[in-house]
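[1] what follows is a protein structure lacking sequence information:
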């Protein structure tokens with residue numbers, strides 16, 4: 001099991017700031033750029049992670065329609081041609097340029113409600129050789145886990161949120177699942193920038 005410091009590190013950004021946020025509204029996913037078979041896998045992974053969190057899904061968001069959007073592309077330049085995407089992602093041109101310069105394969109952008117809760121999440125995946133080699137179920141589960149909370153930008157830089165069982169199945173690492181479940185405890189706030197929240201998460205993880 002993790003230490004309190006390790007829990008804190010999962011919500012600490014590169015600049016040293018702490019930021020925790022969870023969804024404050026039901027999640028409505030939509031997926032672009034995949035076939036129907038992959039679509040069902042991705043939505044199934046989202047449903048599984050939402051169920052673990054004890055959160056809710058819905059058929060539509062009354063304000064946004066869909067609020068968890070997945071975009072699968074072969075090249076980042078494709079994003080420049082997505083209708084209305086520039087209205088949802090400020091400075092889209094510069095974002096694409098940064099992703100191209102960094103050789104990035106994934107990018108997530110969050111939007112927040114007035115209380116700091118997650119309002120929407122945009123997940124962009126450039127299907128390079130590494131991502132393309134992953135089983136669709138593994139890729140979907142990992143991305144769903146990274147969209148259910150506002151993690152620090154280095155949370156999974158050295159270790160993915162997934163683990164492989166002896167029978168070959170891929171699951172969330174137990175400590176990651178425990179953090180997700182703890183993060184949706186009704187007593188906790190939807191968002192918090194105080195590092196003491198990590199201790200509250202840790203206590204709930206230890207309590208099971």
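    Okay, I see it. Not measured: the values here are computed from a predicted model.
[2] okay, CA-based contacts and neighbour counts for the rest of this
    OK.
[3] what does the helix or strand bottoming out on mean pLDDT in the chain contact?
    In the chain, no helix or strand scores lower on mean pLDDT, DSSP states H and E than helix 85-88, which sits at a mean of 88. Residues from elsewhere that reach helix 85-88 (Cα atoms under 8 Å, 6 or more residues apart in numbering): 79-80, 92.
[4] buried among these? Make that a ChimeraX selection.
    Buried residues among those (16 or more other Cα atoms under 10 Å), as a ChimeraX selection:
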select :79
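[5] format the contacts of helix 85-88 as CSV; extra columns: secondary structure and distance to residue 130.
    Converted to CSV, these look like this (DSSP: H, G, I helix; E, B strand; the rest coil; distance: Cα to Cα, whole Å):
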residue, secondary structure, distance to residue 130
79, helix, 20
80, helix, 23
92, helix, 25
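[6] wait, which of the contacts of helix 85-88 is closest to residue 128?
    Checking the contacts of helix 85-88 against residue 128 with Cα to Cα, the nearest one is residue 79 at 15.3 Å.
[7] residue contacts, the closest one?
    Counting by Cα under 8 Å, 6+ apart, residue 79 has contacts 73, 85, 96.
[8] which pLDDT does the model give the residue nearest to the spatial centre of the chain?
    Nearest residue to the geometric centre of the chain (Cα atoms, centre = their mean): residue 147, 1.5 Å. With respect to pLDDT, residue 147 has a value of 98.
[9] sounds good, over and out.
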